[in-house]
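Asker: here are the coordinates; sequence isn't available:
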């Protein structure tokens with residue numbers, strides 16, 4: 001339901017959202033749980049059976065407590081839209097997400113900041129998954145082309161016994177500005193955790209990514225994966241950490257970074273810490289130019305070097 005007093009604001013946000021490739025109809029479908037945040041206001045809210053969305057206004061933003069009740073399998077993804085329509089300012093969002101025992105839900109989040117020039121978005125997500133719960137969270141951002149956004153996004157998750165948690169952050173369509181991504185997941189017995197980050201940095205974009213997996217329970221398994229492209233004078237620094245703290249845990253770190261341009265600054269640091277001799281941790285990290293053989297193959301099919309490079313980059317970030 002769209003709040004009547006904010007309908008014009010919703011229409012402006014919806015127009016920018018659709019221009020970025022989003023589907024506004026998802027927020028108007030009463031079968032789909034959704035929330036729309038503009039600045040420090042909730043301008044749209046729809047709950048469905050088994051899903052509780054409780055918003056609170058906080059200084060410069062909004063906090064939303066999200067609860068999926070025990071045993072509930074949410075049929076359609078829960079949609080979250082966070083937007084800011086002014087050119088300058090600060091927006092804070094806090095999402096407290098709890099999935100009770102054996103609950104299952106997918107969250108699709110879109111952050112749309114189409115006209116910002118001097119803006120900070122500070123986001124914190126706290127996740128609690130009870131035994132047997134299953135959750136995916138897909139966070140996709142669309143910014144302006146000014147490159148002046150300061151984006152801080154943090155997620156802290158406790159993944160209970162036999163629970164499954166997947167968290168994906170994507171920013172590849174527009175300028176980034178300054179980006180700080182922090183993901184931290186603690187896994188209990190037989191839990192599964194996967195952390196993904198996909199970014200494309202250009203011009204003087206400045207990106208730091210840190211993903212941490214703490215395998216605290218016997219048999220816990222995790223993956224921390226980052227795909228990043230840095231072009232021109234962009235800076236990208238990636239740190240992936242996995243801690244094998246319990247017996248028979250398995251973890252893998254994978255980082256692929258592509259650098260293009262004389263002024264790029266690209267770094268990768270995998271950190272593996274084993275505290276039990278039955279824990280198995282592995283890593284794979286690479287930094288380099290676009291694959292020459294792939295480039296030659298595509299150019300032989302009639303593409304220019306620029307077109308072939310863009311296709312390869314798109315494949316890396318898909």
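Answerer: Cool, the structure landed. Predicted, not measured: the structure shown is a model, and the values here were computed from it.

Asker: use CA for all of it now, contacts and neighbours both
Answerer: Will do.

Asker: Next, count neighbours for residue 174.
Answerer: Other residues lying near residue 174 total 19 when counted by other C-alpha atoms under 10 Å.

Asker: Do I have it right that it meets residue 142?
Answerer: Yes: because the distance of 6.1 Å satisfies C-alpha atoms under 8 Å, residue 174 is recorded as touching residue 142.

Asker: Can you classify residue 16 as helix, strand or coil?
Answerer: Classification of residue 16 by DSSP: H, G, I helix; E, B strand; the rest coil places it in helix.

Asker: For it, which non-adjacent residue is closest in space?
Answerer: Closest residue to residue 16 apart from its sequence neighbours, by C-alpha to C-alpha, 6 or more residues apart in numbering: residue 114 at 6.5 Å.

Asker: Got the phi and psi for that neighbour?
Answerer: With angles defined as degrees, to the nearest 10, residue 114 sits at phi -80, psi -20.

Asker: what residues are up against it?
Answerer: 16, 84-85, 142-144 (C-alpha atoms under 8 Å, 6 or more residues apart in numbering).

Asker: closest to residue 252 among those?
Answerer: residue 142 (29.3 Å; C-alpha to C-alpha).

Asker: For beta bridges, what are the partners of the closest residue to the closest one other than its chain neighbours?
Answerer: Spatial nearest neighbour of residue 142, chain neighbours left out: residue 112 (5.1 Å); criterion: C-alpha to C-alpha, 6+ apart. With DSSP bridges applied, the residues forming beta bridges to residue 112 are residue 83, residue 142.

Asker: pLDDT wise, what is residue 112 at?
Answerer: pLDDT, residue 112: 84.

Asker: Residue 317 too?
Answerer: For residue 317, pLDDT reads 75.

Asker: Ramachandran coordinates for it?
Answerer: According to degrees, to the nearest 10, residue 317 has phi -100, psi 0.

Asker: what about the strands in the stretch 151-300 of the chain?
Answerer: 164-171, 178-187, 192-201, 206-215, 221-231, 235-244, 250-260, 265-274, 280-288 (DSSP state E, counting those that start in this stretch).

Asker: Contacts for the fourth one, please.
Answerer: The list of residues contacting strand 206-215 from outside it, by C-alpha under 8 Å, 6+ apart, reads 176-188, 193, 195, 197, 201, 221-224, 234-246, 249-251.

Asker: list the buried ones in that strand?
Answerer: For strand 206-215, a neighbour-count test (16 or more other C-alpha atoms under 10 Å) marks 206-215 as buried.
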